[in-house]
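1. no sequence on this one, just coordinates:
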């Protein structure tokens, strides 16, 4: 069982926690201000009516007119305040429901994993107890009925231990952030391992003589050698997937940082741009290492020396992990510098919202602010003068509209800009205010204003979003 310890150690080595900065909580309404406004208006109404009576001119008409002139604005204010409070309360309730659902889902996942861990621990204890008893009795030989019984328990409980560990691995795969096709393939491979182990275990358990037990153990050993290679391959590929997810999140952060740099009203940002380029180079190199590691793990099943491939894949994982750590250190430094430069230099002030889109299909965005677009497909920008940089695309300008096609990146900055993106894999970060209409499938992260939390949602079909909205 030494390999199991090695596998768990590897998982521990490559584990990376990532966190995204939390947004400031939303501001609260002020009912005292509303009450003071109403009291002031009512006092003003009484005073005005009294003045009209003292003048004794068109008393009734002027009272009615004065009452209308003063009361209607108060009613409008009441209506506006109540409408705002209703919208505010609805938004708070929706946000609260969403947070509760997320917490419940995380709690269920955590509970399932804890149950699986407990089952693994129970299986381990049974295995060690059976092993201890067999070691005490094995000197008697398998012909002794008690020794024979504990020998079978020792072997079967050992298989149970591995099966429970594989079931825990299945739960982790089910909740992993990976593609459904890849998830199904890995689940199928784990199930095949479970079936093979269970078949061999049944042969051991049904043996009635020492010779039958020895033959069953020989078959189990062959099965175990095949399953062990498969498990190492699966664990390696899961580790690759986890690190790829970290790299993808780092890519999103880097895209956002590029937009933040463009949004600064600062003349010299060469140092920031250089650091960001270094960060992106490290992330790209980490991606290459992960692709190579995944190839090593996939080739293990048909290799003459699978353990050698496993060791090579593990080293590539460690190299990728180190590169990712260095990239996050660069991100931390860039955030720190932007934070200092941002004071008094933000391009679009308090009406600044943020939108990050990752998906397939089309996106049409009307904005005042900054947009960074990565795409494989077609991009149009109007007016063309809003294009700050364009890399990789084949581009042309006609009638004041810039048209780009192919694979590349474009940075847009300006007022009343329209951007349309169409492609199979698009990533867009927008900082400013405006609207975005998405059509296709993907994920978006939306922060309507600086005082609201970032909301993450999936979309399928057509959705229209507002950002930079200040109510």
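-> Now that the structure is in, tell me what you want to look at. Worth saying up front: this structure is predicted, and the values here are computed from it rather than measured.
2. now stretch 278-298: mean pLDDT?
-> The predicted model gives stretch 278-298 an average pLDDT of 93.
3. tell me which other helices or strands the helix or strand that residue 217 is a member of touches.
-> Using DSSP states H and E, residue 217 sits in helix 210-263. Applying 3 or more Cβ pairs under 8 Å, 6 or more residues apart in numbering; DSSP states H and E, one finds that helix 210-263 makes contact with helix 2-14, helix 145-174, helix 180-205, helix 270-299, helix 306-342, strand 353-382, strand 401-447. (C-beta placed from N, C-alpha, C; glycine too.)
4. tell me the helices and strands packed up against the fourth one.
-> Secondary-structure packing of helix 270-299 (3+ Cβ pairs under 8 Å, 6+ apart): helix 210-263, helix 306-342.
5. how close does residue 461 sit to residue 363?
-> Distance of residue 461 to residue 363, given as Cβ to Cβ, to the nearest Å: 13 Å.
6. joint contacts of the two?
-> Counting by Cβ atoms under 8 Å, 6 or more residues apart in numbering, the shared contacts of residue 461 and residue 363 are residue 439.
7. these two - which one has more neighbours?
-> Each of residue 461 and residue 363 has its neighbours counted (other Cβ atoms under 10 Å); residue 363 has more, 27 against 9.
8. quick check: beta-bridge partners of the nearest residue to the more buried one once chain neighbours are set aside?
-> Excluding the flanking residues, the one nearest residue 363 by Cβ to Cβ, 6 or more residues apart in numbering is residue 421, at 4.7 Å. When assigned by DSSP bridges, residue 421 has beta-bridge partners residue 363, residue 379.
9. what sits against residue 421?
-> Shown in contact with residue 421 (Cβ under 8 Å, 6+ apart): 362-365, 373, 375, 377-379, 428.
10. among those, name the buried ones.
-> Among the contacts of residue 421, those classed as buried by 16 or more other Cβ atoms under 10 Å are 362-365, 373, 375, 377, 379, 428.
11. check the residues you listed and tell me the two furthest apart.
-> Largest separation among those by Cβ to Cβ: 365 and 377, giving 14.7 Å.
12. could you report the neighbour count for the nearest residue to residue 454 once chain neighbours are set aside?
-> Of all residues not flanking residue 454 in the chain, residue 447 sits nearest, at 4.6 Å (Cβ to Cβ, 6+ apart). When neighbours are counted by other Cβ under 10 Å, residue 447 registers 19.
13. who touches residue 447 in this structure?
-> Residue 447 makes contact with 23, 353-355, 453-455, 467, according to Cβ under 8 Å, 6+ apart.
14. how about it: which residues does it bridge to?
-> For residue 447, the beta-bridge partners are residue 354 (DSSP bridges).
15. with residue 174 as the reference, measure out to it.
-> The gap separating residue 447 from residue 174 is 30 Å, by Cβ to Cβ.
16. could I get the helices and strands packed on helix 270-299 as a markdown table with distance to residue 279?
-> Listed next are those as a markdown table, based on distance: least, Cβ to Cβ, whole Å:
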| stretch | distance to residue 279 |
| --- | --- |
| helix 210-263 | 6 |
| helix 306-342 | 4 |
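17. now render these as CSV, adding mean pLDDT and mean neighbour count.
-> Below are the helices and strands packed on helix 270-299 laid out as CSV (pLDDT from 0 to 100; neighbours: other Cβ atoms under 10 Å):
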stretch, mean pLDDT, mean neighbour count
helix 210-263, 89, 19
helix 306-342, 90, 17
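18. so for residue 409, which of the ones you listed sits nearest?
-> In terms of Cβ to Cβ, the element of the helices and strands packed on helix 270-299 nearest to residue 409 is helix 210-263, at 8.6 Å.
19. so the closest one versus helix 180-205, what angle?
-> Interaxial angle of helix 210-263 relative to helix 180-205 (axes from the mean of the first three to the mean of the last three Cα atoms, to 10 degrees): 160 degrees.
20. ok and helix 210-263 relative to helix 270-299, angle-wise?
-> Our comparison of helix 210-263 with helix 270-299, counting by the same axes, to 10 degrees, yields an angle of 160 degrees.
21. run the angle between helix 210-263 and helix 306-342 for me.
-> Between helix 210-263 and helix 306-342, the angle comes out at 20 degrees (the same axes, to 10 degrees).
22. okay, and for the protein, where does confidence drop off?
-> 1-106, 109, 265-268, 342-351, 469-471 (pLDDT under 70).
23. please parse it into its domains.
-> 123-242, 246-342, 350-467 (automatic domain parsing).
24. one step back: export the helices and strands packed on helix 210-263 as JSON lines, with columns for distance to residue 252.
-> Converted to JSON lines, these look like this (distance: least, Cβ to Cβ, whole Å):
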{"stretch": "helix 2-14", "distance to residue 252": "21"}
{"stretch": "helix 145-174", "distance to residue 252": "23"}
{"stretch": "helix 180-205", "distance to residue 252": "20"}
{"stretch": "helix 270-299", "distance to residue 252": "11"}
{"stretch": "helix 306-342", "distance to residue 252": "11"}
{"stretch": "strand 353-382", "distance to residue 252": "6"}
{"stretch": "strand 401-447", "distance to residue 252": "7"}
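25. need the winner for burial among those.
-> strand 353-382 (a mean of 22; mean count of other Cβ atoms under 10 Å).
26. sorry, back to before: now flag whichever of the buried ones among the contacts of residue 421 is closest to residue 245.
-> Taking Cβ to Cβ as the measure, residue 245 lies nearest residue 428 of the buried ones among the contacts of residue 421, at 19.9 Å.
27. what sits against the closest residue to the closest one other than its chain neighbours?
-> If the residues on either side of it in the chain are set aside, residue 428 comes closest to residue 357, at 4.4 Å by Cβ to Cβ, 6+ apart. By Cβ under 8 Å, 6+ apart, the contact set of residue 357 is 363, 426-429, 436, 438, 442-444.
28. can you tell me which of these is nearest residue 388?
-> Out of the contacts of residue 357, the member with the shortest distance to residue 388 (by Cβ to Cβ) is residue 429, at 13.6 Å.
29. from what I can see the closest one touches residue 356, true?
-> Yes: counting by Cβ atoms under 8 Å, residue 356 is a contact partner of residue 429 at 5.1 Å.
30. what is in contact with those two at once?
-> 252, 255-256.
31. hmm, residue 247 is touching residue 284, no?
-> No: counting by Cβ under 8 Å, residue 284 is not a contact partner of residue 247; they are 9.0 Å apart.
32. any chance of the shared contacts of residue 429 and residue 356 in CSV with distance to residue 307 as columns?
-> As requested, the shared contacts of residue 429 and residue 356 are exported to CSV (distance: Cβ to Cβ, whole Å):
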residue, distance to residue 307
252, 36
255, 40
256, 42
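33. looking at these, which is nearest residue 165?
-> Nearest to residue 165, judged by Cβ to Cβ, of the shared contacts of residue 429 and residue 356 is residue 252 at 33.4 Å.
34. correct me, but the closest one touches residue 443?
-> No: using Cβ under 8 Å, residue 252 is not in contact with residue 443, being 9.7 Å away.
35. what touches both of those two?
-> Residues touching both residue 252 and residue 443 (Cβ under 8 Å, 6+ apart): residue 358.
36. sorry, back to before: how about TSV for the domains of the chain, with distance to residue 115 added?
-> Converted to TSV, the domains of the chain look like this (distance: least, Cβ to Cβ, whole Å):
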stretch	distance to residue 115
domain 123-242	9
domain 246-342	27
domain 350-467	28
